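Asker: here are the coordinates; sequence isn't available:
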C-alpha cells in the first residue's frame with residue numbers, strides 16, 4: 001500500500017510538471033485533464049501489474065503503445081522531422097514504383113496529385129485547424145504530379161515495411177490523403193510495439209535497461225510517425241536481445257530455426273541503414289560450441305558476413321546514383337579522407353567537442369518535431385541519469401557472463417556505428433574544407449547508448465546490491481516523462 005501511494009504521488013507530480021510547464025500557453029484546464037487522468041489510470045495499471053506479477057513485456061508493450069498513440073495524435077501530421085519525404089517514399093513503394101530523376105534534377109517520382117494537401121505545405125506551422133480542414137481532401141489518381149524526396153530515396157524499401165503495409169491497405173479502400181497518412185503512422189506503431197515487446201521478453205538480464213532505452217521520448221515520438229527510425233532501432237534491439245538470449249538462456253546446439261532467425265534479423269539490419277552494420281559484430285557473443293562444431297561455426301559465420309555485406313552494399317550500390325545530390329561532392333570528400341586520415345580524425349574530434357552537448361540533448365528528446373517543441377531539461381537529463389543508473393545496478397542473475405568479450409564487442413560495435421554514421425554524413429552532406437560534420441542528429445546514436453550501457457553493466461560489480469530501480473518504477477517513470485513530452489507537443493500544435 002505504501003508503494004502504491006508513492007507511485008501515485010510520483011506520477012501525479014509528473015502531471016503537475018506538465019501543467020505548470022505549459023501554463024504559458026493558457027491551456028491550464030486542457031493540460032489538467034490530458035495529463036492527470038491518464039497518469040492516474042496508468043498508476044493503477046502498474047500497481048495491479050506488480051501485484052499480479054504479470055509478464056513485464058506485456059506491461060511494457062501496453063505502455064509503449066499508449067505513449068506512441070499520445071505522440072501519433074498530439075503531433076500534427078508531417079510535423080515530425082523529414083516525415084513529408086518519408087511519406088512520399090512509403091507511398092511510392094506501396095504502389096510499386098521506384099525513384100526517378102524529376103525536373104529539378106533531384107530524386108523523386110510521379111505520384112497522384114494532392115497526395116499532400118495544401119494545408120500541409122508548411123509542416124513547421126501546421127496546426128489542428130488545418131488538420132481539420134484537410135479531412136475532406138482526396139488524392140487525384142487521374143493526374144500525376146512530381147514529388148522530390150532525395151534523402152528518403154536512399155533508404156531501402158525494407159526499411160519502410162510497416163508504413164508501406166498500412167498505406168497499401170488504406171490505399172485500397174480510400175482516397176483521403178489524411179487517412180493514408182494516419183494509416184502509415186498507426187501501422188508503424190503497431191509493428192514496432194510488437195518487435196520491441198519481443199526484445200524486452202528475450203533480454204536475459206534485468207529489464208530496466210531496455211525498458212528505459214526503448215521509452216526514450218525521441219524514439220517513441222519517431223515511432224508514432226512515418227519515420228524509418230522506429231523500425232530500424234526495433235530491429236537492432238531485437239537482434240541484440242535475441243543474441244544475448246541464445247547465449248545466456250538457452251543450452252545445447254542452436255537449432256535451424258534459431259539460426260534462421262539470426263539470418264533474417266541480419267538481413268533486415270543491413271537493409272535498414274548500412275551505418276549500423278557494425279551491430280552485426282554482436283554475433284560473436286555466441287560461443288562457437290553453440291554451433292556444434294568449429295566447421296559449422298565457420299560456415300555460418302562466413303554466410304552471415306556474406307548476407308550482411310551483399311545485402312547492405314548491394315543496396316548502397318543501387319542508391320549510389322543519389323549520393324551526388326546534397327551539399328558536397330562525394331568523390332572529393334572520399335578522396336580527402338583517404339589522402340589525409342589524420343585531418344579527418346581531427347574533424348571528428350572537433351565535431352563532438354562542439355556538437356556533443358546538443359547531440360546528447362537531441363538523443364534524449366530535448367527538442368521534438370520540425371517546429372522546435374522544447375521539453376524540460378530537468379526531465380530530459382534526469383531520464384539519462386536514471387538510464388545510466390539502471391545500467392550500473394542491472395542484475396545479471398546467475399548467467400555465466402563473458403565480461404571481457406562482451407565489453408569489447410559492445411565498445412567496438414559502438415565505435416563502428418559512430419565512425420560510419422559520421423563518415424556517411426561527411427561524404428554526403430558536408431561541404432569540402434569544413435571543420436565540422438553537417439547533419440548529425442542525436443537520435444542516430446541511440447544504438448550507441450545501448451552498447452555503452454551493456455558495457456557499463458558488465459564493467460560494474462554492483463549487482464549484489466539491492467537494485468534501487470524496480471521494473472514498475474521504470475515503467476511509471478518513462479510513462480511520466482513521455483506524458484509530459486506529448487502534452488508539450490499537443491500544446492504547441494494548439495497554439496500555432
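Answerer: That came in fine, so what should we check first? On a predicted model such as this, the values are computed, not experimentally measured, just so you know.
Asker: now the helices: where do they sit in the stretch 301-450 of the chain?
Answerer: 330-339, 341-364, 377-392, 403-428, 446-459 (DSSP state H, counting those that start in this stretch).
Asker: tell me which strands and helices the longest one is in contact with?
Answerer: To tie it back to what came earlier, the one meant is helix 403-428. Here helix 403-428 touches helix 330-339, helix 341-364, helix 446-459, going by 3 or more C-beta pairs under 8 Å, 6 or more residues apart in numbering; DSSP states H and E. To be clear about C-beta, it is placed using only N, CA and C from the backbone, and glycine gets the same treatment.
Asker: Figure out which of those is closest to residue 76.
Answerer: helix 341-364 (20.3 Å; C-beta to C-beta).
Asker: pretty sure residue 416 is in contact with residue 277, am I right?
Answerer: Yes: Residue 416 is in contact with residue 277 according to C-beta atoms under 8 Å; the separation is 7.5 Å.
Asker: Low-confidence ranges, the stretch 351-496 of the chain, go.
Answerer: 370-372, 394-403, 460-469, 496 (pLDDT under 70).
Asker: Apply 80 and report the result again.
Answerer: Applying pLDDT under 80 to the stretch 351-496 of the chain flags the ranges 367, 369-379, 393-404, 428, 458-473, 476, 480, 484, 487-488, 490-496.
Asker: can you tell me the average pLDDT over the helix or strand containing residue 133?
Answerer: Here residue 133, judged by DSSP states H and E, is contained in helix 128-133. The pLDDT scores in helix 128-133 average 83.
Asker: and that helix, how far out from the chain's middle?
Answerer: Helix 128-133 sits 28 Å away from the centroid of its parent chain (C-alpha atoms, centre = their mean, to the nearest Å).
Asker: Other residues contacting the helix or strand just after that helix?
Answerer: Beyond helix 128-133 in the direction of the C-terminus, DSSP H and E gives the next helix or strand as strand 140-148. Outside strand 140-148, the residues within contact range by C-beta atoms under 8 Å, 6 or more residues apart in numbering are 88, 102-104, 106-116, 175.
Asker: Report the buried residues of strand 140-148.
Answerer: 145, 147, 148 (16 or more other C-beta atoms under 10 Å).
Asker: confidence score at the nearest residue to residue 301 once chain neighbours are set aside?
Answerer: Computed as C-beta to C-beta, 6 or more residues apart in numbering, the closest residue to residue 301 that is not its neighbour in sequence is residue 283, at 7.5 Å. Here the pLDDT value assigned to residue 283 is 92.
Asker: And for residue 283, the neighbour number?
Answerer: 18 (other C-beta atoms under 10 Å).
Asker: returning to what we had before: format the buried residues of strand 140-148 as CSV; extra columns: pLDDT and distance to residue 250.
Answerer: Written out in CSV, the entries for these read as follows (pLDDT from 0 to 100; distance: C-beta to C-beta, whole Å):
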residue, pLDDT, distance to residue 250
145, 91, 53
147, 91, 48
148, 88, 48
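Asker: Closest to residue 405 out of these?
Answerer: For the buried residues of strand 140-148, the residue nearest residue 405 by C-beta to C-beta is residue 148; the value is 46.9 Å.
Asker: What's the separation between the closest one and residue 305?
Answerer: Note on residue 148: its distance to residue 305, by C-beta to C-beta, to the nearest Å, is 36 Å.
Asker: same check, this time on residue 293
Answerer: Distance, residue 293 to residue 305, using C-beta to C-beta: 19 Å.
Asker: now swap in residue 495 and tell me
Answerer: 52 Å.
Asker: Buried residues in the strand or helix carrying residue 62, which are they?
Answerer: Using DSSP H and E, residue 62 sits in helix 56-74. For helix 56-74, burial by neighbour count (16+ other C-beta under 10 Å) applies to 56-57, 59-74.
Asker: how far does it sit from the chain's center?
Answerer: 14 Å.
Asker: now do stretch 191-203
Answerer: On C-alpha atoms, centre = their mean, the centre of stretch 191-203 falls 13 Å from that of its chain.
Asker: same thing with stretch 123-134?
Answerer: Stretch 123-134 sits 25 Å away from the centroid of its parent chain (C-alpha atoms, centre = their mean).
Asker: Residues contacting the helix or strand encompassing residue 271, please?
Answerer: Assigned by DSSP H and E, residue 271 belongs to helix 256-272. Contact partners of helix 256-272, identified using C-beta under 8 Å, 6+ apart, comprise 156, 158-159, 228, 231-232, 235-236, 238-239, 242-243, 246, 250, 276-277, 279-280, 283, 300, 303-304, 307-309, 311-312, 315.
Asker: pLDDT on that helix, on average?
Answerer: For helix 256-272, mean pLDDT rounds to 93.
Asker: for that helix, which positions count as buried?
Answerer: Neighbour-count burial for helix 256-272 [16+ other C-beta under 10 Å]: 259, 261, 262, 265, 266, 267, 268, 269, 270, 271, 272.
Asker: Compute the distance between the first one and residue 198, please.
Answerer: Separation of residue 259 from residue 198 (C-beta to C-beta) stands at 18 Å.
Asker: Please apply the same query to residue 217.
Answerer: Per C-beta to C-beta, residue 217 is found 22 Å from residue 198.
Asker: more crowded one of these two?
Answerer: Neighbour totals were compared for residue 217 and residue 198, and residue 217 leads with 26 against 17 (other C-beta under 10 Å).
Asker: show me where the stretch 101-250 of the chain has helices.
Answerer: Per DSSP H, counting those that start in this stretch, the stretch 101-250 of the chain carries helices over the ranges 128-133, 150-153, 161-173, 177-202, 208-214, 217-223, 229-249.
Asker: Which of those helices sits closest to residue 347?
Answerer: Closest among the helices of the stretch 101-250 of the chain, once you apply C-beta to C-beta, is helix 150-153, at 22.1 Å.
Asker: Counting by contacts, list what that closest one packs against.
Answerer: In terms of contacts (3+ C-beta pairs under 8 Å, 6+ apart), helix 150-153 is packed against helix 83-94, strand 107-113.
Asker: could you dump those to a markdown table with distance to residue 187, mean neighbour count and mean pLDDT?
Answerer: Shown next, in a markdown table, are these (distance: least, C-beta to C-beta, whole Å; neighbours: other C-beta atoms under 10 Å; pLDDT from 0 to 100):
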| stretch | distance to residue 187 | mean neighbour count | mean pLDDT |
| --- | --- | --- | --- |
| helix 83-94 | 10 | 25 | 93 |
| strand 107-113 | 19 | 19 | 90 |
